[in-house]
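S.K.: Model the structure of this input:
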Amino acid sequence: MNAITPQAVTPVTNFSKTNGKVFFRNQTDGKDYVCSGASVNSRSKRLVVTAGHCVHGGPGKDWHTNWIFAPGYSNGATYGTYQAATLRTLNDWINYGESGRGFNSDVAFVTTYSGSTSGD
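M.R.: Model prediction:
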């Protein structure tokens with residue numbers, strides 16, 4: 001039997017700057033969290049897709065606050081930060097959360113304000 005020689009993994013360095021991080025405060029526990037998000041090529045150029053749990057806490061809980069999107073986020077560097085104007089997720093996530101029915105609806109869309117809060 002031939003042995004398999006592991007090869008070094010080459011780090012990804014050409015990721016899209018449209019992918020980034022989402023930062024927010026969970027109103028239920030008062031803690032800050034990070035999720036992934038991506039900008040959507042929409043007419044407004046202000047639409048971000050992320051997970052439902054990144055905008056709302058689920059059954060009996062509230063919408064998250066202090067929500068921003070940082071496109072191209074890598075080790076603290078970013079292409080600006082964009083504050084949420086409108087958070088949207090499916091009612092099944094809000095009503096059922098992590099249960100099967102809610103988990104299958106764990107998606108959200110966020111419209112940001114125009115312009116970056118860091119000058120971009």
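S.K.: Next secondary structure after the helix or strand of the chain with the lowest mean pLDDT?
M.R.: Every helix and strand of the chain was ranked by mean pLDDT, DSSP states H and E. The lowest is helix 100-103, at a mean of 90. Counting by DSSP states H and E, the element after helix 100-103 in chain order, helix or strand, is strand 108-112.
S.K.: the strands in this protein, which residues?
M.R.: 19-25, 32-40, 47-50, 65-71, 82-89, 108-112 (DSSP state E).
S.K.: Which one of those strands lies nearest to Gly102?
M.R.: Evaluated over these, closeness to Gly102 peaks at strand 82-89, with 10.0 Å, by Cβ to Cβ. All C-beta spots, glycine's among them, are computed from the backbone N, C-alpha and C.
S.K.: Which elements pack onto the closest one?
M.R.: strand 65-71, strand 108-112 (3 or more Cβ pairs under 8 Å, 6 or more residues apart in numbering; DSSP states H and E).
S.K.: And for the closest residue to Gly57 other than its chain neighbours, the neighbour number?
M.R.: Of all residues not flanking Gly57 in the chain, Thr28 sits nearest, at 4.9 Å (Cβ to Cβ, 6 or more residues apart in numbering). Other residues within reach of Thr28, judged by other Cβ atoms under 10 Å, total 12.
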